[in-house]
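Q: fold the following, please.
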Amino acid sequence: MQPETVRLIIFGVVLISCAIWEVLYPRKMLTQNKWLRWVNNLGLVGLNGLLIMLLMPIVAFSAAQWAQEHQIGVFNYLGLPSWLVILLSLLLLDAIIYGQHVLFHRVPYLWRLHRMHHADQDIDVTTGARFHPIEILLSMWIKIGAVLLLGIPPSAVLLFEIILNASAMFNHSNAKLALKVDDWLRKWLVTPDMHRVHHSIIPKETHANFGFCLSIWDRLFGTYRAQPEHGHDKMTIGLPLFQQRREQWLDKMLSQPFRRD
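A: Residues are numbered from 1 along each chain as shown. Reported below is the predicted structural model:
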């Protein structure tokens, strides 16, 4: 089975599982029409997938295959056991994604791209895949660069892509975890309650909790914020600039980075 087929199947399974979880155990009352958001958010996912096929000569997995064949990258010179290379690869890639996320918040032109993700006025499983096409392409090139530099094996790349997609859908889910479970789990992993803080309309909360999978990076680099100021039930999701319902349509979403503040 092709790697992309494996990723697509697992994406679908996690999406459906998290969607059912949200319906059975919702965490926060939604403020927008769910189906309008879903149609446009998932339409964006389809558009991004098409653009990657058309515009990307290689993806991270094929870059890893090429690096392995030509013995390029740090891990190909160290002679470490395969299990250790895979473990270190997953840790380093997750740290790189954390750093990339911080960068997209700190650099104004990159923030203009990334803020489309934050302009969602509710947060649920589909928000985890809602990214501007230009950001998706830039992110792919960053991953390709990391893969070539480090010599990350193809198996680790595939595993990381699966974990990254699943984590993004899990921690964006509008679903309830028992407080004790959340408290224990977030010591290591980003939980929905932890990441929801990141989607608060309050800037000091928007620019916190950058992790996607592991929560250790936020704690290590001082960007961790435990809870939203107004609590999860009363917090406002989104950005002040894009609070109109019309902003949730695909055409408006795509134009958000190019409009004046």
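Q: any idea how far residue 92 is from the residue nearest the centre of the chain?
A: Residue closest to the average C-alpha location in the chain (Cα atoms, centre = their mean): residue 168, at 4.4 Å. As judged by Cβ to Cβ, to the nearest Å, residue 168 and residue 92 stand 18 Å apart. Quick note: C-beta positions are derived from backbone N, CA and C, even for glycine.
Q: what does residue 207 give?
A: 24 Å.
Q: what of residue 197?
A: 25 Å.
Q: ok, residue 59 next?
A: Distance of residue 59 to residue 92, computed by Cβ to Cβ: 18 Å.
Q: before we move on, what about residue 74?
A: 10 Å.
Q: name the residue most distant from the centre of the chain?
A: residue 79 (31.7 Å).
Q: just give the number of residues close to the residue nearest to residue 139 when sequence neighbours are not counted.
A: The spatial neighbour of residue 139 that comes closest, neighbours along the chain excluded (Cβ to Cβ, 6 or more residues apart in numbering), is residue 100 at 6.6 Å. A count of nearby residues for residue 100, using other Cβ atoms under 10 Å, gives 20.
Q: over to residue 81?
A: Using other Cβ under 10 Å, residue 81 has 8 other residues around it.
Q: what residues does residue 252 make contact with?
A: residue 246 (Cβ atoms under 8 Å, 6 or more residues apart in numbering).
Q: let me know the average pLDDT across whichever strand or helix holds it.
A: Assigned by DSSP states H and E, residue 252 falls within helix 250-255. Taken as a whole, helix 250-255 has a mean pLDDT of 94.
Q: now the strands: where do they sit in the stretch 1-150 of the chain?
A: For the stretch 1-150 of the chain, applying DSSP state E, counting those that start in this stretch gives no strands.
Q: roughly how far apart are the closest residue to the residue nearest to the centre of the chain other than its chain neighbours and residue 24?
A: Take residue 168 and drop its neighbours on the chain: the residue closest to it by Cβ to Cβ, 6+ apart is residue 128, 3.7 Å away. Computed as Cβ to Cβ, the residue 128 to residue 24 distance reads 18 Å.
Q: quick one, helices of the stretch 51-200 of the chain?
A: 60-69, 75-78, 82-106, 108-118, 133-150, 154-171, 179-185, 192-196 (DSSP state H, counting those that start in this stretch).
Q: closest to residue 258 out of those helices?
A: The closest of the helices of the stretch 51-200 of the chain to residue 258 is helix 108-118. By Cβ to Cβ, the value is 7.7 Å.
Q: mind listing what's buried in that closest one?
A: For helix 108-118, burial by neighbour count (16 or more other Cβ atoms under 10 Å) applies to 110, 112-118.
Q: coming back round to it: how close does the residue nearest to the centre of the chain sit to residue 67?
A: 25 Å.
Q: same check, this time on residue 49
A: Look at residue 49 and residue 67: by Cβ to Cβ, they are 24 Å apart.
Q: okay, the two: which has more neighbours?
A: The neighbour count for residue 49 versus residue 67, taken as other Cβ under 10 Å, is higher for residue 67 (23 against 15).
Q: am I right that that one is in contact with residue 148?
A: Yes: taking Cβ atoms under 8 Å as the definition, residue 67 is a contact partner of residue 148 at 5.3 Å.
Q: tell me where the model's unsure across this protein.
A: In the predicted model of the chain, residues 261 satisfy pLDDT under 70.
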